[in-house]
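>>> below is the structure, and that's it, no one-letter string:
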């Protein structure tokens, strides 16, 4: 009898194509959010989406980016406040919910991202608190 190997969160979410779909939906929500869209006004969104796919893939147990591809710190460059970082987390949670991910999976994604970002600020978003 062989040992079962647990699937990574990346695999459980559906792999690369699913991550691309999630990132597309996520940025659609972010760019429609009046409190967040200004942070991305001068951002090359195609590049940002590619970056986010690489980051999420790596953070969730998928393939690591090729050498020379950064996954680090875009939110520091955008000078986002804790309130706005929390809004991003809410938008991500709502995007994952839209994709059919349960609350345990959402919590796992958010915790993993916080750990990967080295965030000292715990974001536990209420998915309905965007006001």
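On my side now, so go ahead. Remember, it's a predicted structure, so these values are computed and weren't measured experimentally. Residues are numbered from 1 along each chain as shown.

>>> pLDDT weak spots in the chain?
1-4, 65-78, 118-131 (pLDDT under 70).

>>> mind running it again at 90?
1-9, 12-13, 55-56, 58-61, 63-85, 100-102, 105, 108-109, 112-131 (pLDDT under 90).

>>> can you give me the strands for it?
Counting by DSSP state E, the chain forms no strands at all.

>>> residue boundaries of the helices in it?
For the chain, the helices defined by DSSP state H cover 9-13, 15-32, 45-59, 74-77, 82-98, 103-117.

>>> just put the ones you listed in a markdown table and tack on distance to residue 39 and mean neighbour count.
The C-beta positions use only the backbone N, C-alpha and C, and glycine is treated the same way. Listed next are the helices of the chain as a markdown table, based on distance: least, Cβ to Cβ, whole Å; neighbours: other Cβ atoms under 10 Å:
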| stretch | distance to residue 39 | mean neighbour count |
| --- | --- | --- |
| helix 9-13 | 25 | 18 |
| helix 15-32 | 8 | 16 |
| helix 45-59 | 11 | 17 |
| helix 74-77 | 9 | 12 |
| helix 82-98 | 7 | 19 |
| helix 103-117 | 16 | 16 |
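
>>> adding distance to residue 38, write those out as TSV.
TSV is the format used below for these (distance: least, Cβ to Cβ, whole Å):
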stretch	distance to residue 38
helix 9-13	29
helix 15-32	10
helix 45-59	14
helix 74-77	14
helix 82-98	10
helix 103-117	21
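
>>> got the contact list for the closest residue to residue 29 other than its chain neighbours?
Closest residue to residue 29 in three dimensions, ignoring its sequence neighbours and counting by Cβ to Cβ, 6 or more residues apart in numbering: residue 91, at 4.7 Å. Neighbouring residues of residue 91 by Cβ atoms under 8 Å, 6 or more residues apart in numbering: 26, 29, 30, 33, 36, 130.

>>> now those residues as TSV including distance to residue 114?
Listed next are these as TSV, based on distance: Cβ to Cβ, whole Å:
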residue	distance to residue 114
26	16
29	19
30	18
33	20
36	18
130	19
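
>>> which one of those is nearest to residue 87?
residue 36 (5.7 Å; Cβ to Cβ).

>>> look up how far residue 15 lies from the closest residue in space to that closest one that isn't next to it in sequence.
Spatial nearest neighbour of residue 36, excluding adjacent residues (Cβ to Cβ, 6+ apart): residue 30 at 5.0 Å. The gap separating residue 30 from residue 15 is 23 Å, by Cβ to Cβ, to the nearest Å.
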